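# Need a 3D model of the sequence below.
(one chain, ligands or ions: 2)
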Amino acid sequence: SVPLTFFTSIGQASRQGILIKGGNYLEALTHVDAIVFDKTGTLTEGSFVINEIHPINSTEDNLLKTAQIGEFYSTHPIGKAILKAKNEHIEEELLNGYKELSGYGVIAYYDSEEILVGNHKLMTKYNIEAQEIIYPGTVIYVAKNNEYLGYIAISDKIKDETPQTIKELSEKHISTYMLTGDNATIGNAVGEKVGIIKNNIFSGLLPQDKVEKMEEIKHKYKNNVVFVGDGVNDAPVLSLSDIGIAMGGTGSDVAVEAADVVIMKDRLTKILELLKIAKINRKVVI
Ligand code: ADP
Ligand code: MG
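Ligands and ions are numbered 1, 2, ... in the order given. Take a look at the predicted model:
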């Protein structure tokens with residue numbers, strides 16, 4: 001039978017906005033060797049702002065409109081940022097196809113146009129010649145009917161509490177890692193700012209690469225390895241980890257579904273509270 005204290009601890013956690021989907025996770029959380037974080041929406045706010053709109057074979061308005069058509073059905077933080085920029089007139093009935101390429105971007109069909117919006121890898125994949133831009137943020141490239149139209153530079157903010165949370169985890173001798181689909185320039189820059197060592201940062205990962213990396217990391221440790229993420233593409237890694245934690249506020253339903261623990265207000269410090277509750281729970285049980 002499940003000790004009564006489990007219910008008390010789960011109740012206490014839920015009052016603090018932490019949903020634990022079973023008492024066994026509380027016990028598991030007392031033996032954690034490493035925590036692996038997704039970047040966007042987990043270590044960072046996940047709400048991008050547009051810094052630059054840079055047309056190449058286009059105008060600023062046309063580039064933005066094309067990007068908005070591409071992202072029309074997107075729920076990704078990048079798509080949302082592009083959509084809220086300015087109201088370009090889009091005739092929804094002309095949209096006759098949409099596909100998300102996880103780790104790359106999106107493809108949409110509008111009237112007779114094929115629109116690509118995503119990272120440089122997406123352009124390469126579709127043989128579109130676009131100069132790769134080095135920028136201290138995320139660069140989103142736009143193409144229409146195989147023609148490169150320009151790029152949009154966006155940036156995200158590191159959550160205020162991230163560096164302190166990483167520091168406190170290190171003090172508890174818990175190793176920290178970052179997995180991101182974003183490129184290495186950004187991955188390393190964010191890692192340095194939040195205090196994750198360079199060897200533990202893995203960038204440019206497609207969803208299946210994230211799964212492989214997670215397997216590798218798990219093999220390095222004897223005790224539990226936790227994953228914290230928020231995106232649709234994080235669901236496989238959330239399932240694979242010993243304990244999967246989803247950011248429930250901005251996170252996708254798929255991530256919340258796949259997780260063992262859900263943090264409702266997306267505050268990273270909740271992870272420290274969760275570890276504390278688990279520890280107290282254990283003392284009471286014994
Ligand atoms: P992360 O691992 O940082 O959460 P994702 O795997 O969701 O990132 O995305 C990886 C990269 O793929 C993004 O940095 C971006 O370059 C590109 N990408 C993903 N979704 C979109 C989208 N809707 N629009 C444009 N680019 C996208
Ligand atoms: Mg993400």
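# List the buried residues of the longest strand along the chain.
Counting residues, the longest strand in the chain under DSSP state E turns out to be strand 147-155. Neighbour counts over strand 147-155 (16 or more other CB atoms under 10 Å) mark Tyr148, Leu149, Gly150, Tyr151, Ile152, Ala153, Ile154, Ser155 as buried. Heads up, the C-betas are built off the backbone N, CA and C, glycines and all.
# Would you format these as CSV with distance to ligand 1 included?
Output for the buried residues of strand 147-155, formatted as CSV (distance: CB to the nearest ligand atom, whole Å):
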residue, distance to ligand 1
Tyr148, 15
Leu149, 14
Gly150, 14
Tyr151, 11
Ile152, 9
Ala153, 12
Ile154, 9
Ser155, 12
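# okay, stretch 218-232 in CSV with CA atoms only?
The C-alpha trace of stretch 218-232 is given here as CSV (Å, rounded to 0.1, in the frame of the first residue of the first chain):
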residue,chain,number,x,y,z
LYS,A,218,21.4,8.2,-18.8
HIS,A,219,24.2,5.7,-19.3
LYS,A,220,26.7,7.9,-17.6
TYR,A,221,24.8,7.9,-14.3
LYS,A,222,23.9,5.3,-11.7
ASN,A,223,20.9,7.2,-10.2
ASN,A,224,18.0,9.0,-11.9
VAL,A,225,18.3,11.5,-14.7
VAL,A,226,15.5,14.0,-15.0
PHE,A,227,14.4,15.9,-18.2
VAL,A,228,12.7,19.2,-18.1
GLY,A,229,11.0,20.5,-21.3
ASP,A,230,8.0,22.1,-22.8
GLY,A,231,7.7,21.4,-26.5
VAL,A,232,5.8,18.9,-28.7
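# Nearest residue to the residue in the stretch 101-250 of the chain that ligand 1 sits nearest to in space, please, no chain neighbours.
Closest residue of the stretch 101-250 of the chain to ligand 1, CB to the nearest ligand atom: Gly181 (2.5 Å). Of all residues not flanking Gly181 in the chain, Gly103 sits nearest, at 4.6 Å (CB to CB, 6 or more residues apart in numbering).
# same check, this time on Gln208
Pro236 (7.9 Å).
# For that neighbour, what are phi and psi?
phi -60, psi -40 (degrees, to the nearest 10).
# Correct me if wrong: it contacts Pro207.
Yes. Here Pro236 reaches Pro207: they are 6.5 Å apart, a contact under CB atoms under 8 Å.
# okay, the buried residues of strand 147-155 in TSV with pLDDT and distance to Tyr221 next?
Conversion of these to TSV gives the following (pLDDT from 0 to 100; distance: CB to CB, whole Å):
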residue	pLDDT	distance to Tyr221
Tyr148	98	44
Leu149	98	46
Gly150	98	45
Tyr151	98	40
Ile152	98	40
Ala153	97	38
Ile154	96	35
Ser155	94	33
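# Out of these, flag the one nearest to Ser112.
Leu149 (16.1 Å; CB to CB).
# quick one, what contacts the closest one?
Pro55, Ile56, Asn57, Ser58, Asn62, Leu63, Thr66, Val142, Ala143 (CB atoms under 8 Å, 6 or more residues apart in numbering).
# Quick check: mean pLDDT of stretch 244-254?
Stretch 244-254 carries an average pLDDT of 85.
# CA atoms only for it, dumped as CSV, please.
Extracted in CSV, the C-alpha atoms of stretch 244-254 (Å, rounded to 0.1, in the frame of the first residue of the first chain):
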residue,chain,number,x,y,z
GLY,A,244,10.0,13.9,-17.0
ILE,A,245,9.1,17.4,-15.9
ALA,A,246,6.9,19.6,-18.2
MET,A,247,6.4,23.3,-18.1
GLY,A,248,2.6,23.4,-18.0
GLY,A,249,2.0,27.1,-18.4
THR,A,250,3.4,27.7,-21.9
GLY,A,251,4.1,24.0,-22.6
SER,A,252,2.3,22.0,-25.2
ASP,A,253,-0.4,19.5,-24.3
VAL,A,254,1.7,16.7,-25.7
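# Give me the residues contacting that stretch.
Contacts of stretch 244-254 (CB under 8 Å, 6+ apart): 19, 41-42, 46-47, 75, 77, 226-232, 234-235, 237-238, 255-256, 258-266, 271, 274.
# Could you tell me which of these are located in strands?
Filtering these for strands - DSSP E - leaves Leu19, Val226, Phe227, Val228, Gly229, Val261, Val262, Ile263.
# what residues does the stretch 151-286 of the chain put near ligand 2?
Gly231 (CB under 5 Å from the ion).
# This completes my enquiry, with thanks.
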